[in-house]
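Participant: generate a structure from the sequence data that follows.
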Amino acid sequence: MSSSGQIVHRYVEVDGVRVFYRETGPADAPVLLLLHGFPSGSHQYRRLMETLGGEFRLVAPDYPGFGRTEAPAGFTYTFDRLADVTEGFVTALGLERFALYVFDFGAPVGFRIAVRRPEWITGLVVQNGNAYEDGLSDAARQFIALRREVPGDVEQIRGLLTLEGTRFQYETGASEPARLDPDSWTLDQHFLELPGRKDAQVDLALDYRSNVARYPEWQAWLREYAPPALVVWGTGDPFFTPPGAHAYLRDLPQARLHLFETGHFALEERLPEIAPLVADFLRGLA
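Facilitator: Now for the predicted structure:
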C-alpha cells in the first residue's frame with residue numbers, strides 16, 4: 001500500500017481465481033473495503049481512492065467476471081460464489097476489521113460477507129445498493145423476473161450489455177451529464193467484451209432473484225448488529241429508487257442519509273460532495 005495516497009495494483013490467488021485489486025493508504029489506517037457494481041470494476045473507485053488514500057487504507061477488488069480478475073473455465077457465476085471469492089480475498093489480505101462500501105452488486109456481495117463474518121464489520125457505507133423491496137423500480141422488478149427458459153428473456157439481458165446499455169446506466173438521472181467521464185463506460189464495455197464475460201453477466205442477472213430472497217436476512221443482520229451507517233443515494237437511479245435509501249432507516253434509525261440529484265453511478269458526478277461525507281464517517285469509527 002501507499003502512504004501518500006498513490007494507488008497500487010496487485011493480484012492475489014483465491015481458490016483458483018486470480019483476483020485483481022487496487023489499494024492505497026497507510027497500513028495502520030482504518031480500512032474501507034470498496035465493493036463495486038455492475039457492469040463496472042474496482043476502477044469505478046479510483047477517484048475516491050485518490051481523494052481519501054492519504055488518510056485511510058482503501059482496498060477495492062474486482063469480482064470474478066469483472067475488470068481484470070481472471071477466473072478459471074467452468075467458474076459458476078452466482079452471487080454466492082462472488083461472495084465466496086471476495087471473502088477469501090479479505091482473508092488472503094489479512095483484513096480483520098474494516099468498513100464496507102457497498103454499491104449495486106456490491107450490496108449482495110457485501111451483505112453475504114457481513115452475515116457470515118459480522119465480527120469483521122466496523123461500519124457500512126451504502127451507495128445505491130439495495131436491501132429492501134421498497135427500492136426496486138418497476139424496471140428492476142421486470143429485470144429480476146426474467147428467466148432463462150422464457151423465450152426472449154436472455155436476449156433482454158444481453159441488450160443491456162451493449163455500449164448503449166452501459167452508457168444508459170451512467171447518464172440516466174445525471175443532473176449534468178457533461179460532468180461524467182465517458183472513459184468510465186468505455187472501460188466498463190471493454191471488459192464486458194472479453195471472452196465469456198457476457199455469458200457470466202447473464203448468469204448473474206438470472207441469479208439476482210436470490211438477492212431479493214435474502215433481503216429479510218440482511219435486514220435482520222442490520223437490526224441485530226446495528227452497524228454505524230452512511231447512506232448516500234443518487235435519486236435518478238432507474239433501478240434502485242430513493243425509497244430503498246429511506247428504508248435503511250427502519251432498521252438503522254441512527255444512519256446518516258444523504259440524497260443527491262444524480263444517477264446510479266453517483267460518485268461519477270457527486271464525488272466532491274460524497275467524499276467528505278465518507279471521510280467524516282470513517283473518522284467517527286475510530
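Participant: for stretch 191-201, which positions count as buried?
Facilitator: Phe191, Leu192, Arg197, Lys198, Ala200, Gln201 (16 or more other C-beta atoms under 10 Å). In this view, the C-beta of every residue, glycine as well, is placed from N, C-alpha and C.
Participant: ok, now stretch 52-66?
Facilitator: 52-53, 56-66.
Participant: ok, so of these, who is nearest Pro228?
Facilitator: The nearest member of those to Pro228, counting by C-beta to C-beta, is Phe56 at 15.0 Å.
Participant: pretty sure that closest one contacts Ala27?
Facilitator: No: Phe56 lies out of contact with Ala27 (C-beta atoms under 8 Å); the separation is 11.4 Å.
Participant: counting by contacts, list what the lengthiest helix in the chain packs against.
Facilitator: What stands out as the longest helix in the chain, according to DSSP state H, is helix 266-285. For helix 266-285, the contact count by 3 or more C-beta pairs under 8 Å, 6 or more residues apart in numbering; DSSP states H and E identifies helix 46-52, strand 98-103, strand 121-127, strand 229-234, strand 256-260 as packing neighbours.
Participant: and the shortest one, which strands flank it?
Facilitator: Strand 256-260 has the following strand partners under DSSP bridges: strand 229-234 (parallel).
Participant: next one: the third one
Facilitator: Within its sheet, strand 121-127 is paired with strand 98-103 (parallel), strand 229-234 (parallel), according to DSSP bridges.
Participant: would you mind measuring from the spatially closest residue to Arg179 that is not a sequence neighbour to Ser42?
Facilitator: Leaving aside its sequence neighbours, Arg179 sits nearest to Glu269 (C-beta to C-beta, 6 or more residues apart in numbering; 5.0 Å). Noted for Glu269: a distance of 19 Å to Ser42, by C-beta to C-beta, to the nearest Å.
Participant: thinking again about what came up before, of the buried residues of stretch 191-201, closest to Leu146?
Facilitator: Closest to Leu146, out of all of the buried residues of stretch 191-201 and judged by C-beta to C-beta, is Gln201, at 12.5 Å.
Participant: hang on, the earlier thing: just name the closest of the buried residues of stretch 52-66 to Glu224, please.
Facilitator: Val59 (25.7 Å).
Participant: report how many residues lie close to the residue nearest to the closest one when sequence neighbours are not counted.
Facilitator: The shortest distance from Val59 to any non-neighbouring residue, by C-beta to C-beta, 6+ apart, is to Glu23 (5.0 Å). The number of residues packed near Glu23 is 22, by other C-beta atoms under 10 Å.
Participant: host element of Glu23?
Facilitator: Under the criterion of DSSP states H and E, Glu23 resides in strand 17-24.
Participant: distance between that strand and the chain's centre?
Facilitator: 15 Å (C-alpha atoms, centre = their mean, to the nearest Å).
Participant: need the per-residue pLDDT for the residue nearest to Val59.
Facilitator: pLDDT, Glu23: 98.
Participant: isn't it right up against Arg57?
Facilitator: Yes: look at Glu23 against Arg57 with C-beta under 8 Å: they come within range, at 7.4 Å.
Participant: so where is this protein shaky, pLDDT-wise?
Facilitator: 1-4 (pLDDT under 70).
Participant: surely Glu217 and Arg112 touch.
Facilitator: No: applying C-beta under 8 Å, one finds Glu217 not in contact with Arg112, separated by 9.2 Å.
Participant: I'd say the residue nearest to Arg179 and Ser175 touch.
Facilitator: Yes: here Glu269 reaches Ser175: they are 6.9 Å apart, a contact under C-beta under 8 Å.
Participant: now the common contact residues for the two.
Facilitator: Taking C-beta atoms under 8 Å, 6 or more residues apart in numbering as the criterion, Glu269 and Ser175 both touch Thr262.
Participant: done for today, thanks.
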